[in-house]
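Colleague: Only the shape, not the letters, is given here:
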C-alpha cells in the first residue's frame, strides 16, 4: 500500500466516519477518528478534507490541523516538531501557484472519489 493512500478497508472505514459525521457526530470526534484512521505518516492528507467541513465546523477543523502540525501555508511538521518544508517570501508566490494547481487536480479527483463513496453509502440504505 502506498504511504499516501488508503486501503480498500480504510476507504470503507472513512466512508462510515463521513456518514456518521453528516448524520450528527461532532466535529471533534470526527477529526479524532480521522487522525486515528490516517495515522501520523498520512495525517497531511487531512488537508484534503477541508471542502467537506461545513462552515460552522471549519474553525475547529483548522485549529485541529494546526494542533497536529499541519498548516495550509506549506509548513508541515513531523511528530518531533521538525519542519519538513518551509517557504521563503521570495519563492512563496511561485510555490503557491504550483501548489494551487496540484492541489486543485488532487482535490478534483478526491472530490470524485468522495462523491462515489457517498453514492455507495446511500445505496446501502443502512438503518
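Modeller: Noted; the coordinates are in hand. All values derive from a computational prediction rather than experimental measurement. Numbering: from 1, shown residues only.

Colleague: use CA for all of it now, contacts and neighbours both
Modeller: Will do.

Colleague: residue ranges of the helices in this structure, please?
Modeller: 8-22, 27-38, 55-67, 89-124 (DSSP state H).

Colleague: Out of those, point me to the one whose mean pLDDT is lowest.
Modeller: Within these, confidence is poorest for helix 89-124, with a mean of 58 (mean pLDDT).

Colleague: And the residue lying closest to residue 44 once chain neighbours are set aside, how close does it get to residue 7?
Modeller: Spatial nearest neighbour of residue 44, excluding adjacent residues (C-alpha to C-alpha, 6 or more residues apart in numbering): residue 70 at 6.4 Å. From residue 70 across to residue 7, the span is 23 Å (C-alpha to C-alpha, to the nearest Å).

Colleague: These two: who's more crowded?
Modeller: A direct count of neighbours by other C-alpha atoms under 10 Å for residue 70 and residue 7 places residue 70 higher, at 21 against 12.

Colleague: From residue 117, how far off is the more buried one?
Modeller: As judged by C-alpha to C-alpha, residue 70 and residue 117 stand 26 Å apart.

Colleague: again with residue 35
Modeller: With C-alpha to C-alpha as the criterion, residue 35 and residue 117 are 19 Å apart.

Colleague: what about residue 31, neighbour count?
Modeller: 19.

Colleague: what sits against it?
Modeller: Taking C-alpha atoms under 8 Å, 6 or more residues apart in numbering, we find residue 31 in contact with 61, 64.

Colleague: That one and residue 41: what is the separation?
Modeller: If you go by C-alpha to C-alpha, the gap between residue 31 and residue 41 works out to 16 Å.

Colleague: got it, and residue 51?
Modeller: Remark: distance between residue 51 and residue 41 (C-alpha to C-alpha) = 22 Å.
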